[in-house]
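**Q** Quick one, what's the 3D model for this:
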Amino acid sequence: MSKSYKIILGGLLIIIALSIFMEANRPMPLNWMPNYSKKASTPLGAKAINLYFENLIETKKHIQEIHKPTFEAFQNNEINDAASLLFFNNYLDLDEETTDQLLNWVDNGNTVYISAINFPSSLKDTLNLNTKRFNFQYQFNYESELALTNPNLSKQVFPSATDYNIYYFSELDTLNQRVLGYAKPISENDIEPDKNKKLVNFIEAPFGEGKFYLHSFTPAFGNHFFVNETNYEYTLASLQYINWENPVYIDQYYKTGREQVDSLLYYVIQNKALKWAYYTCIFAALLFVFIQGKRKQKPIPIREPLANKTYEFTKTVAHMFLEENANKDIATKQIKLLLHYIRKQYGLSTKTINEKFYKELAAKTGLSFNLVQQTFLHIQYIEEQSSISKDELLKFNEFVQKIKN
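**A** Now for the predicted structure:
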């Protein structure tokens, strides 16, 4: 091989290596595809709000997640009465049989909350409503504001980014259905005739003895919206129409980003008869190997044990824990909700927390002065910390439940 050929070949290899290195280190573009699955950390994933739900599930055992089709859950009697069912996804693709089950269940006095940009056709036909995407006539990009009609839940107007489209109820039964919230598009284009028009995006639809709550701004459940320092209040306020003291079932199945399991073994395990046949075969195989192995087993060579990687493993696990730790954020949100509850329920101002406030709250709740004082001292402690442990979060939650109950 000539010297010039080696130089050319070496140059090509360097160029290829640099190209591979640059491609491998190129930052990934932000994924704005709707997902809403439990572990998704993309802008329209639902990891943040599910951390909030997990905290509720730990303290309220009657709140459960559903990881299977709703039809199957009803057939297996896994969904009880006097309860609420929560769905949120960009599209809720329910067949007609499942929709009929939901209608019958609500007719018996239960509650279904759905946040989606489009709803099952049979449900829209039954409730006499329809949804539509809003577009300004002269421009595609616009900002919007979100608001709830009930001032007891929130008087605040929440800004929405230009990344979100507005879907609204273009048709509804105004005689029987109640407007609970709206979106207001804001355009800088003065010639736009529909500027600042209020578009209904949240309604209450009574059906029989129960109610449907239909919400068309699903990004409120996404990470990008929910982690905002004020926007999360809009999402939690809209969920106050659900009675969280009764059983609540949170759907985790109808998600755009749900992991599909195509393994044959998964379907074997899901079938009771096949599962036990599979376990029997494994047990028989192990028994055969054990009996035959005692007769024919060859000497086992001695091998050096693997190096102890405990330190590296512990460091990795600690990293993962720190990444997942949202205890302080959850506690901060609970403090805001508790103060809002005290203002609304007992008519007390929370601007000044002092001994007079403790006495008034103790008198109105029937709790002891010491318990009330201890609760707000614990709040002060949490606010001064940069992070708190899970045990501290659970202890604070016990104080909150005593005041609310």
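
**Q** How many residues are close by the spatially closest residue to D107 that is not a sequence neighbour?
**A** Once flanking residues are discounted, D107 sits nearest to G208: 3.1 Å by Cβ to Cβ, 6 or more residues apart in numbering. For glycine as for every other residue, the C-beta is placed from the backbone atoms N, C-alpha and C. Neighbour count of G208, defined by other Cβ atoms under 10 Å: 13.

**Q** do the same with K364
**A** K364: 14 neighbours (other Cβ under 10 Å).

**Q** ok, now which ones touch it?
**A** Taking Cβ atoms under 8 Å, 6 or more residues apart in numbering as the criterion, K364 is in contact with Y346, L348.

**Q** ok, now how distant is it from Y346?
**A** 5 Å (Cβ to Cβ, to the nearest Å).

**Q** so where do the strands sit in the protein?
**A** Assigned by DSSP state E, the chain shows strands spanning 63-66, 84-88, 111-115, 130-134, 143-148, 158-160, 166-171, 178-186, 199-207, 210-215, 248-251.

**Q** weakest of those by average pLDDT?
**A** Comparing mean pLDDT across the strands of the chain, the weakest is strand 158-160, with a mean of 74.

**Q** Switch the strands of the chain over to CSV; also include distance to S41.
**A** Below are the strands of the chain laid out as CSV (distance: least, Cβ to Cβ, whole Å):
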stretch, distance to S41
strand 63-66, 18
strand 84-88, 17
strand 111-115, 20
strand 130-134, 27
strand 143-148, 23
strand 158-160, 21
strand 166-171, 24
strand 178-186, 26
strand 199-207, 26
strand 210-215, 23
strand 248-251, 19
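
**Q** for those, which one sits closest to E229?
**A** strand 158-160 (11.3 Å; Cβ to Cβ).

**Q** Please work out how many residues are found near W105.
**A** 21.

**Q** Same question for P151.
**A** The burial count for P151: 8, using other Cβ under 10 Å.

**Q** Got the phi and psi for it?
**A** phi -70, psi -20 (degrees, to the nearest 10).

**Q** ok, it to V157 distance?
**A** Taking Cβ to Cβ, one finds P151 at 12 Å from V157.

**Q** Can you show me the helices along this protein?
**A** 3-24, 47-59, 70-75, 96-107, 121-127, 223-226, 231-238, 264-270, 272-296, 310-324, 327-346, 355-365, 369-384, 390-404 (DSSP state H).

**Q** What residues sit buried inside the fourth one?
**A** What it means is helix 96-107. T98, T99, Q101, L102, L103, W105, V106 (16 or more other Cβ atoms under 10 Å).

**Q** Please apply the same query to the fifth one.
**A** Of the residues in helix 121-127, those scored as buried under the neighbour-count criterion (16+ other Cβ under 10 Å) are S122, L123, K124, T126, L127.

**Q** so what does it touch, helix or strand wise?
**A** When contacts are defined as 3 or more Cβ pairs under 8 Å, 6 or more residues apart in numbering; DSSP states H and E, helix 121-127 sits against helix 96-107, strand 199-207, strand 210-215.

**Q** closest one to P34 among the strands of the chain?
**A** Of all the strands of the chain, strand 84-88 comes closest under Cβ to Cβ, at 10.6 Å.

**Q** Give me the contacts around that closest one.
**A** 36, 46, 66, 70, 79, 102, 105, 110-116, 218, 221, 239, 242-243, 246-251, 254.

**Q** Would you mind listing the residues in contact with the residue lying closest to H62 once chain neighbours are set aside?
**A** Closest residue in space to H62, ignoring its immediate chain neighbours: P247 at 4.5 Å, by Cβ to Cβ, 6+ apart. P247 is in contact with H62, I63, Q64, N80, A82, A83, S84, counting by Cβ under 8 Å, 6+ apart.

**Q** Just the buried residues of those residues.
**A** I63, Q64, A83, S84.

**Q** Quick check: the first one touching E245?
**A** Spelled out, it's I63. No. Counting by Cβ atoms under 8 Å, I63 sits too far from E245 to count as a contact (10.1 Å).
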